[in-house]
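Participant: what follows is a predicted protein model with its sequence.
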Amino acid sequence: MVMDSSTGEACSLDRMRNIGIIAHIDAGKTTITERILYYTGRTYKIGEVDEGTAVMDWMEQERERGITITAAATTCYWQEHCINIVDTPGHVDFTAEVERSLRVLDGGVVVLDAVAGVQPQSETVWHQADKYHVPRICFINKMDRIGADWERALIMMEEHLGANAVPIQLPQGGEKSFEGVIDLVENKAWIFADDLASPPIESSIPDGYIQKVERQRRVIVEKLAEVDDQVMEAYIEGDQLTTLDIKAALRRATVADKLVPVLCGSALRNKGIQPLLDAIVDYLPSPLDMPPIQGIEPATNKVVVCLPSSAAPLSALVFKVVVDPFVGRLAYIRVYSGKAKAGDQVFNSTRRRKERLGRLLQMQANHREDIAEVSAGEIIAALGPKDTFTGDTLCDLSHHVLLEPISFPEPIISVAIEPKTKADQDRLGDALAKLAQEDPTFKIGYEPQTGQTLISGMGELHLEVLIERMKREFRVGARVGKPQIAYKETISRPVEAEGRFIKQFGGRGQYGHVLLRLEPVERGSGFQFSNRIRAGAIPGEFVSAVEAGIKEALERGVLAGHPIVDIKVSLIDGSFHEVDSSDIAFKMASSIALRDGVRKAEPLLLEPIMKLEVLTPEQFLGDILGDLNARRAHIGGIEMQGDLRIVKGIIPLAETFEYATALRSLSQGRATHSIEFHCYQELSSLLTEQIITRGR
């Protein structure tokens with residue numbers, strides 16, 4: 001059980017906050033977290049990302065590269081509240097870390113760069129938070145930077161994110177003269193010194209801000225009245241709202257995900273962190289404020305409500321698995337109901353097997369503190385579960401429940417990998433398997449034509465980091481091929497296809513016969529199976545074998561051997577033999593029918609398309625646009641940001657390799673870019689033919 005280090009007492013559920021710090025890369029997430037740890041007394045010295053001393057960026061590669069690669073968890077205490085924090089990566093290649101963190105968190109702090117505003121990955125993490133209905137507050141960072149624009153950032157929040165943004169602070173000063181914030185709720189100002197040891201100084205609102213503050217306080221009340229009945233009633237009757245009334249209404253509206261309180265500061269200059277901590281405590285939800293999570297009882301498929309109480313049966317979700325070089329295999333767990341002690345036996349309802357919780361650990365980045373017990377609402381790591389993986393449900397031995405698993409995007413890029421020496425060959429498979437256990441977006445495959453092992457991930461940086469980890473942590477030397485695009489195949493028209501598998505061996509033979517209907521479906525729909533067989537044509541026990549045969553055939557397409565997606569397959573007819581029919585026969589028959597049908601359905605090749613944003617000085621705009629056109633990019637628009645231009649568009653993934661180098665060359669190193677996955681699109685017939693020829 002989590003204990004408040006300041007009082008030595010157990011932290012009650014209503015005083016617990018499970019939050020994530022989420023943002024685009026380089027917006028300042030880790031810098032903010034480091035300041036939070038310092039001001040809450042968790043650390044005695046502030047770690048810096050640029051110096052490689054950040055507590056939350058504990059991995060060697062994170063310190064070398066100056067970016068967050070893996071989500072790190074820690075716990076701190078503020079105003080008698082326990083705050084469990086997950087600092088997530090901002091780079092698009094590590095979006096799975098954000099996905100699984102948001103799945104188990106109750107609230108989020110979205111960090112925006114005051115100069116850049118809403119950036120591509122800001123949109124991605126925002127929509128991920130929307131997906132899981134995570135209440136948020138927003139912190140506009142870097143207010144001391146040249147070009148910082150508070151008003152523009154607020155407008156971008158509303159236009160790009162669709163957020164109902166409600167500023168509860170105003171910046172006092174701007175750029176180099178930024179010195180503090182004005183609290184619109186408390187109606188007072190805070191001045192911050194650069195010196196860490198100096199506490200914020202409370203002051204009255206400067207004369208030049210009084211009218212603006214009054215106007216903004218009215219805006220807060222009006223926006224609250226739109227989403228809160230109590231405020232609306234008081235507003236109509238002309239009652240004056242107290243500070244406590246406004247705080248309570250802001251909390252209700254934030255927890256209900258109806259609005260987003262917005263704060264500001266400069267984390268690097270230690271400005272605005274204490275008010276941010278106050279806002280986390282005041283406005284973000286506790287586990288009691290969130291709707292109870294629902295699961296199903298595996299045996300009956302009945303809905304089970306998991307109440308956030310230690311007295312309820314245990315239900316917990318494993319959201320991350322890490323192979324720690326010092327203690328072994330760690331499972332990160334969010335407990336939704338019930339409690340468990342170190343050494344307890346629990347049931348993994350996903351794998352249908354018992355597991356033992358060895359040690360229970362409260363994580364402080366890569367440091368660990370043993371705890372005796374874990375209860376509802378807490379996030380901890382457990383040492384012991386051997387066959388438990390990301391997305392699995394752990395529950396009480398006598399009360400089985402299955403929670404909704406976590407969904408992850410499919411990899412879009414692959415490379416061939418082979419061991420350097422015979423000794424490396426023996427260790428390579430083990431290293432890859434352990435990395436795949438940790439990262440659900442890292443896949444291992446085999447290319448039968450060349451005999452190569454293929455590893456797939458979300459981007460070049462993702463695979464580069466994993467290969468470097470393999471070399472450093474597992475001492476495995478490897479040679480890596482050039483990146484390969486994860487193309488997909490699909491069909492363009494509906495067809496019917498028949499498959500027969502008939503073998504006679506002298507005694508009992510094999511007989512399977514199916515008739516399938518293949519139809520294209522909307523992009524991103526994946527695979528759909530429908531059983532439309534008429535009664536008696538094929539016994540029900542063989543239908544699952546038919547579906548298994550179809551899925552197996554979909555793994556390797558007919559054009560260039562890429563997986564087949566966005567297809568609906570219906571089993572519409574067939575026949576069987578009372579003696580010779582078997583699962584294997586129907587599996588083979590359906591596989592034959594599927595491949596024959598795809599050939600007749602005018603198959604297409606699909607390529608991954610990326611969303612692109614380039615930030616460049618105006619003088620290089622022409623050359624950059626010319627280069628993008630040559631790379632088959634489609635320019636969606638060009639925006640102005642002071643003397644800079646923001647080019648937005650989409651570009652095929654195949655055209656982005658080594659683009660960073662080309663962009664530096666075109667702009668004398670002054671332009672920057674970011675890309676993230678957008679969708680799959682049809683490839684032209686000419687390029688399709690080139691890829692098919694290359695694969696032969």
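Facilitator: Sure thing, it's come through. Numbers count the residues shown, from 1 in each chain.
Participant: quick check: closest non-adjacent residue to Y446.
Facilitator: Nearest residue to Y446, sequence neighbours excluded (CB to CB, 6 or more residues apart in numbering): T453, at 6.1 Å. From N, CA and C alone the C-beta is placed, and that goes for glycine too.
Participant: quickly list what the one you found is bridged to.
Facilitator: Judged by DSSP bridges, the bridge partners of T453 are I417, Y446.
Participant: ok, it - contacts?
Facilitator: T453 makes contact with 416-418, 428, 432, 444-447, according to CB atoms under 8 Å, 6 or more residues apart in numbering.
Participant: can you pull out the helices in the stretch 401-550 of the chain?
Facilitator: Assigned by DSSP state H, counting those that start in this stretch, the stretch 401-550 of the chain shows helices spanning 422-438, 460-473, 543-554.
Participant: who are the packing partners of the last one?
Facilitator: For helix 543-554, the helices and strands in contact under the criterion 3 or more CB pairs under 8 Å, 6 or more residues apart in numbering; DSSP states H and E are strand 527-531, strand 567-575, helix 583-600.
Participant: burial check on K176, number of neighbours?
Facilitator: Using other CB atoms under 10 Å, K176 is surrounded by 10 other residues.
Participant: got phi/psi on it?
Facilitator: phi -70, psi -20 (degrees, to the nearest 10).
Participant: do you know how far it is from Y209?
Facilitator: According to CB to CB, to the nearest Å, K176 and Y209 sit 18 Å apart.
Participant: go on, A116?
Facilitator: According to CB to CB, A116 and Y209 sit 26 Å apart.
Participant: please apply the same query to T243.
Facilitator: For T243, the distance to Y209 equals 18 Å [CB to CB].
Participant: more neighbours, those two?
Facilitator: Y209 (15 against 11).
Participant: who's the residue nearest to the more buried one when sequence neighbours are not counted bridged to?
Facilitator: In this structure, Y209 finds its nearest non-sequential neighbour in I182, 5.9 Å apart by CB to CB, 6+ apart. Beta-bridge partners for I182, by DSSP bridges, are L170, A189.
Participant: number of nearby residues for I182?
Facilitator: For I182, the neighbour count with other CB under 10 Å is 24.
Participant: ok, R508 next?
Facilitator: 11.
Participant: cool, K29 as well?
Facilitator: Each residue near K29 was counted by other CB under 10 Å, and the total is 27.
Participant: also F94?
Facilitator: 25.
Participant: name the residues of the longest strand along the chain that are buried.
Facilitator: In terms of residue count, the longest strand belonging to the chain (DSSP state E) is strand 604-617. Neighbour counts over strand 604-617 (16 or more other CB atoms under 10 Å) mark 604-616 as buried.
Participant: now the angle from whichever helix or strand comes after that strand to strand 604-617?
Facilitator: Scanning forward in sequence from strand 604-617 by DSSP states H and E, the next helix or strand is helix 621-630. On the basis of axes from the mean of the first three to the mean of the last three CA atoms, to 10 degrees, helix 621-630 is oriented at 170 degrees to strand 604-617.
Participant: show me what the next helix or strand after helix 621-630 is packed against.
Facilitator: Next along the chain after helix 621-630, taking DSSP H and E as the criterion, comes strand 634-641. Judged by 3+ CB pairs under 8 Å, 6+ apart, the packing partners of strand 634-641 are helix 621-630, strand 644-652.
Participant: and strand 634-641 with helix 621-630, angle?
Facilitator: Counting by the same axes, to 10 degrees, strand 634-641 lies at 160 degrees to helix 621-630.
Participant: centroid residue for the protein?
Facilitator: Geometric centre of the chain, nearest residue: E99, 2.1 Å, by CA atoms, centre = their mean.
Participant: can you give me every residue that contacts that one?
Facilitator: The contact partners of E99, taken as CB under 8 Å, 6+ apart, are 128, 406-409.
Participant: Three-state assignment for it, please.
Facilitator: Secondary structure, DSSP: H, G, I helix; E, B strand; the rest coil: E99 is helix.
Participant: bridged to E373, which residues?
Facilitator: Assigned bridge partners for E373, using DSSP bridges, are K341.
Participant: please name the nearest non-neighbouring residue to D195.
Facilitator: N270 (7.9 Å).
Participant: isn't that neighbour up against F192?
Facilitator: Yes - judged on CB atoms under 8 Å, N270 makes contact with F192 at a distance of 6.5 Å.
Participant: need the distance between the two termini of stretch 414-431.
Facilitator: End-to-end distance for stretch 414-431: 17 Å, by CA to CA, to the nearest Å.
Participant: go through it and flag the buried ones.
Facilitator: Going by neighbour count (16+ other CB under 10 Å), the buried part of stretch 414-431 is 414-417, 419, 424, 427-428, 431.
Participant: again with stretch 543-560
Facilitator: Within stretch 543-560, the residues scored as buried using 16+ other CB under 10 Å are 543, 545-547, 549-551, 553-554, 557-560.
Participant: tell me the average confidence for it?
Facilitator: Mean per-residue pLDDT for stretch 543-560: 93.
Participant: so how far is it from its chain's centroid?
Facilitator: Mean C-alpha position of stretch 543-560 versus that of the full chain (CA atoms, centre = their mean, to the nearest Å) differs by 29 Å.
Participant: give me the contacts around that stretch.
Facilitator: Taking CB under 8 Å, 6+ apart as the rule, stretch 543-560 contacts 487-489, 514, 516, 527, 529, 531, 533, 538, 562-565, 567, 569, 571, 574, 583-584, 586-591, 594-595, 598-599, 603, 605, 688, 691-692, 695.
Participant: okay, now the unreliable bits of the stretch 201-350 of the chain?
Facilitator: The model of the stretch 201-350 of the chain has pLDDT under 70 over residues 325-326.
Participant: can you give me the helices for it?
Facilitator: Assigned by DSSP H, counting those that start in this stretch, the stretch 201-350 of the chain shows helices spanning 210-227, 229-237, 243-255, 273-283.
Participant: among the ones you listed, which is nearest G642?
Facilitator: Comparing these by their distance to G642 (CB to CB), the top pick is helix 210-227, with 23.3 Å.
Participant: rewinding a little: looking at the helices and strands packed on strand 634-641, which is buried most?
Facilitator: Between those, strand 644-652 has the highest mean count of neighbours, a mean of 18, where neighbours are mean count of other CB atoms under 10 Å.
Participant: next, the angle from that one to strand 604-617.
Facilitator: Interaxial angle, strand 644-652 versus strand 604-617 (the same axes, to 10 degrees): 170 degrees.
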